[in-house]
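**Student:** Whatever this is, show me its structure:
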Amino acid sequence: MNLNSKKDDKKIAIALKYDQASDTAPKISAKGRGVIAERILELAEKNNIPFYKDGDLCELLLKIDEASEIPVELYGAVAKVMAFVYRANKNYIKK
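**Tutor:** Residues are numbered from 1 along each chain as shown. Coordinates of the predicted model:
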């Protein structure tokens with residue numbers, strides 16, 4: 001997920017991971033602004049991981065510690081992100 005931050009115009013990025021077998025909710029696997037965000041996005045692009053843009057959600061997720069599960073209050077918003085990623089992966093596999 002990425003977007004230019006409203007606060008300082010630096011790019012921000014959040015990486016989420018979710019293992020259905022062991023996780024009860026998605027977790028923050030990486031997050032950052034500026035150069036760190038650029039690196040996260042570069043790695044995502046290199047590995048064919050789709051981007052989902054939602055600035056408000058990114059700002060909220062930046063406040064959560066890395067390796068932490070997302071809070072229940074954000075399940076609905078993050079579910080939209082996960083659905084987007086699953087659809088994008090399914091479409092990528094079909095190609």
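
**Student:** Point out where this structure drops to low pLDDT.
**Tutor:** Applying pLDDT under 70 to the chain picks out residues 1-9, 91-95.

**Student:** how about the strands in it?
**Tutor:** 2-4, 11-17, 27-33 (DSSP state E).

**Student:** For Leu61, find the nearest of the ones you listed.
**Tutor:** strand 11-17 (4.5 Å; Cβ to Cβ). (Each C-beta comes from the backbone N, C-alpha and C, glycine too.)

**Student:** If you drop the residues flanking it in sequence, what lies closest to Val81?
**Tutor:** Tyr52 (4.8 Å; Cβ to Cβ, 6 or more residues apart in numbering).

**Student:** so who does the one you found touch?
**Tutor:** Contacts for Tyr52 (Cβ atoms under 8 Å, 6 or more residues apart in numbering) come out as Met1, Lys80, Val81, Phe84, Val85.

**Student:** TSV for these, including distance to Gly32 and neighbour count?
**Tutor:** Output for the contacts of Tyr52, formatted as TSV (distance: Cβ to Cβ, whole Å; neighbours: other Cβ atoms under 10 Å):
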residue	distance to Gly32	neighbour count
Met1	12	24
Lys80	22	12
Val81	17	21
Phe84	21	15
Val85	19	17
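
**Student:** Count the neighbours of Ile40 for me.
**Tutor:** Applying other Cβ atoms under 10 Å, we find 23 residues neighbouring Ile40.

**Student:** With Ile28 instead?
**Tutor:** 19.

**Student:** isn't it right up against Ile40?
**Tutor:** No - in this structure Ile28 lies outside contact range of Ile40 using Cβ atoms under 8 Å: 11.2 Å.
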